[in-house]
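A.B. asks: quick one, fold the following:
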Amino acid sequence: MNHGGTEAQRRSLPDEVNSLTGVIVDAAFKVHSALGPGLLESVYETCLVHELEKRDLEVVRQIEVPIEYDGRLLDSGLRLDLLVQDTVVIELKAVEHVLPVHKAQLLSYLRLAGKPVGLLINFHVPLIKDGIQRMVL
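C.D. replies: This is a model prediction of the structure:
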């Protein structure tokens, strides 16, 4: 699993945030084990939300992220795939290869939403551990 940020940045997150990302990763493993690669991103999103809610986590889907520009809040059309416990942003993919733009997208979402940590989860991989990247602002 690839992690964004430095080791010191990861340690600076509260233990409960680190525990939360661990629970989310475990849920993603369960979904991937049941479904495998090759489905649409929306299928993985629905199943991951179900798995997270079974673990009593608050999950909000497709949250609009406005952009403040030139002193105004503008509707940008940007949407977070998932926000868990109002803390962790999850960006889901079902792609052959995660590109640098996908990582940049998640970092931008973290910055715009004011959240400390995000998970980029690509379900289109043989082993889900190779498809999860944790990124910290």
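A.B. asks: C-alpha from now on. contacts and neighbour counts both.
C.D. replies: Fine.
A.B. asks: which of the three states applies to Ala27?
C.D. replies: helix (DSSP: H, G, I helix; E, B strand; the rest coil).
A.B. asks: contacting residues for it?
C.D. replies: Contacts for Ala27 (C-alpha atoms under 8 Å, 6 or more residues apart in numbering) come out as 48, 51-52.
A.B. asks: where's it relative to Cys47, distance?
C.D. replies: Distance from Ala27 to Cys47, counting by C-alpha to C-alpha, to the nearest Å: 9 Å.
A.B. asks: now the end-to-end length of stretch 89-104.
C.D. replies: Distance across stretch 89-104, first residue to last, is 13 Å (C-alpha to C-alpha).
A.B. asks: no wait, stretch 33-49
C.D. replies: This stretch, stretch 33-49, spans 15 Å end to end (C-alpha to C-alpha).
A.B. asks: pretty sure Asp56 is in a helix, no?
C.D. replies: No: if the criterion is three-state DSSP, then Asp56 is coil and not within a helix.
A.B. asks: roughly how far does it sit from Val84?
C.D. replies: Distance, Asp56 to Val84, by C-alpha to C-alpha: 11 Å.
A.B. asks: which one's more surrounded, those two?
C.D. replies: Val84 (20 against 10; other C-alpha atoms under 10 Å).
A.B. asks: and the more buried one, what are its bridge partners?
C.D. replies: Counting by DSSP bridges, Val84 forms beta bridges with Val59, Val88.
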